[in-house]
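1. starting from these lines, generate the structure:
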Amino acid sequence: MIDFELPTPIERQMQLLGMLGEQVMRPVARYYDEHEGERPWDYINMIWQTVRAQGGRTLAVGTEKNESGDKKPRIGNLM
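-> Predicted coordinates for the structure are as follows:
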C-alpha cells in the first residue's frame, strides 16, 4: 500500500517555512511590492546569518539511513 503521509522532517520544514513567511515576509511584502526595484537586504542578511549559523546547511538536507542503519526512501526531492 502506498503511504501518502509526509515524513516528519518535511513536516518540520513546512512549519518552519510557514512561520518564516508569516512572521518575516508578510510584514514587508506590501512595501516591496510597491518598491519592486529595491532589494530586501534585511531579509537577505537574516537568511544568510541563519544559514551560516547552521554550518552552511540549507533546508534541502536529507538523510539516507535511519537510526537503526536501515535504508529509508530518500526525501530530498520532496524537500
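2. low-confidence ranges in this protein?
-> Along the chain, the model assigns pLDDT under 70 to residues 56-74, 76-79.
3. and the gap between residue 40 and residue 54?
-> Residue 40 sits 20 Å away from residue 54, going by C-beta to C-beta, to the nearest Å. Backbone N, C-alpha and C define where each C-beta goes, glycine included.
4. looking at these two, which one has more neighbours?
-> residue 40 (16 against 11; other C-beta atoms under 10 Å).
5. list the contacts for that one?
-> Going by C-beta atoms under 8 Å, 6 or more residues apart in numbering, residue 40 touches 28, 32.
6. at 6 Å instead, please
-> The contact partners of residue 40, taken as C-beta atoms under 6 Å, 6 or more residues apart in numbering, are residue 32.
7. can you give me the distance of it to residue 15?
-> Here residue 40 is placed at a distance of 22 Å from residue 15 (C-beta to C-beta).
8. and the gap between residue 53 and residue 36?
-> When residue 53 is compared with residue 36 (using C-beta to C-beta), they lie 30 Å apart.
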